[in-house]
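Colleague: Show me how the following folds:
(one chain, ligands or ions: 1)
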Amino acid sequence: MTKVNLGLEGRVAIITGAARGIGRATLHRMMAEGVHVLAWDIDPAWAEEITRIATPDGVKIAAFIGDVSLAEAWQEAVKSALAHFGRLDFLFSNAGISGPAHPVSRYEEADFDRVMAINARGVYLGLKYVGQHLSAEGKGVIVNVSSISGLSGGGNIFAYTASKHAVVGMTKSAAVHYAPNGVRVLAICPSPTDTEMMGYAERLVMPDDPQAARPIFTQGVPMGRYAEPEEIANVFAFLISDQASFMTGTIVPVDGGTMAR
Ligand SMILES: NC(=O)c1ccc[n+]([C@@H]2O[C@H](COP(=O)([O-])OP(=O)(O)OC[C@H]3O[C@@H](n4cnc5c(N)ncnc54)[C@H](O)[C@@H]3O)[C@@H](O)[C@H]2O)c1
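Modeller: The predicted structure follows:
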């Protein structure tokens, strides 16, 4: 079998939510591809933790601590990527929170605003500030993380579902806007993935035996299991590469067949 070289060496990515889960797996995948990464998280411990990550020869990573819901943080992050690495090619807008598991009739306004601020406003700000930079350069790729909750309604995670639908809409709108400038914009929609976000959901459903809650979350997945975070990172690597050069505005489920049912 011919090995495909994705040709990503020496490029620069910003990954949000990089300290854990899907973002962390994507950081490692990017390092393996020779991509330098500004690894952004809100957790202040990340600045120290990142110093213990071994990088391949010639690959540089740097921590950025900030909140994706703040415009100033995005402006700083773009500056920081350029200061560290001298260029910026890709954004993985991945940071997100699940928020409380309530339906609309019991959803508190403050919780709604917090989930929308991180999951939707954060993605909008990335599209705006990183998009401005990439379109001035005439090339680049932004991949946003939505969810299967961005494609179908789930009665119990109201704001999360709203925010992930917003990510789909923003991805399509930004893709059309930036296409003439050579910037591609896409979204990935994972089904339940084996990270702390699902660990939290499992503990909510079955506090005494969280592992026993897994079948509840996998019953709608034809492949019958959680995704591994690396399986989401693999799709990101493909989408930012020239192998996907004619794809933009595309919403990509990575869901073991869930949306095919
Ligand atoms: N795990 C799943 O089952 C699943 C399924 C579909 C979509 N997703 C989406 O994938 C993305 C990553 O999820 P995960 O499972 O890796 O979650 P996770 O909770 O394991 O990791 C999320 C990371 O984002 C960081 N973060 C949270 N708020 C932030 C903020 N305001 N600014 C900067 N960083 C912040 C956290 O500190 C953490 O490191 C999220 O957008 C999530 O909605 C996850």
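Colleague: got the buried residues for the longest helix anywhere in the chain?
Modeller: Taking DSSP state H as the criterion, the chain has its longest helix at helix 158-178. Buried residues in helix 158-178, defined by neighbour count with 16 or more other Cβ atoms under 10 Å: 158-168, 170-172, 174-175, 178. C-betas here are computed from N, CA, C, even on glycine.
Colleague: Does that helix pack against any helices or strands, and if so which?
Modeller: Helix 158-178 is packed against helix 109-116, helix 122-137, strand 140-145, strand 183-190, strand 251-254, with contacts defined by 3 or more Cβ pairs under 8 Å, 6 or more residues apart in numbering; DSSP states H and E.
Colleague: For the second one, what is the distance to the chain centroid?
Modeller: In other words, helix 122-137. Mean C-alpha position of helix 122-137 versus that of the full chain (Cα atoms, centre = their mean, to the nearest Å) differs by 15 Å.
Colleague: ok, and what's touching it?
Modeller: Taking contacts as Cβ atoms under 8 Å, 6 or more residues apart in numbering, the residues outside helix 122-137 that touch it are 14, 16, 68-71, 73-75, 77-78, 88-89, 91, 93, 95-96, 140-142, 144, 166-167, 170, 174, 177-178, 181-183, 185.
Colleague: could you flag which of those are buried?
Modeller: Using 16+ other Cβ under 10 Å, the buried ones in the contacts of helix 122-137 are 14, 16, 68-69, 73-74, 77-78, 88-89, 91, 93, 95-96, 140-142, 144, 166-167, 170, 174, 178, 183, 185.
Colleague: and M223, which of the three is it?
Modeller: Reducing the assignment at M223 to three states with DSSP: H, G, I helix; E, B strand; the rest coil gives coil.
Colleague: ok, and the closest non-adjacent residue to it?
Modeller: Among residues not flanking M223 along the chain, G256 sits closest, at 3.2 Å (Cβ to Cβ, 6 or more residues apart in numbering).
Colleague: So for G155, what pLDDT did the model give?
Modeller: G155 is assigned a predicted lDDT (pLDDT) of 82.
Colleague: Now do the SS call for it.
Modeller: Under three-state DSSP, G155 falls in the coil class.
Colleague: Double-check it against P103; I have them as touching.
Modeller: Yes: under the criterion of Cβ atoms under 8 Å, G155 lies in contact with P103, with a separation of 5.2 Å.
Colleague: measure G131 to A81 for me?
Modeller: 14 Å (Cβ to Cβ, to the nearest Å).
Colleague: element containing the nearest residue to T16 once chain neighbours are set aside, please.
Modeller: For T16, the nearest residue in space outside its immediate sequence neighbours is A95; the separation is 3.9 Å by Cβ to Cβ, 6+ apart. Using DSSP states H and E, no element contains A95; it sits outside every helix and strand.
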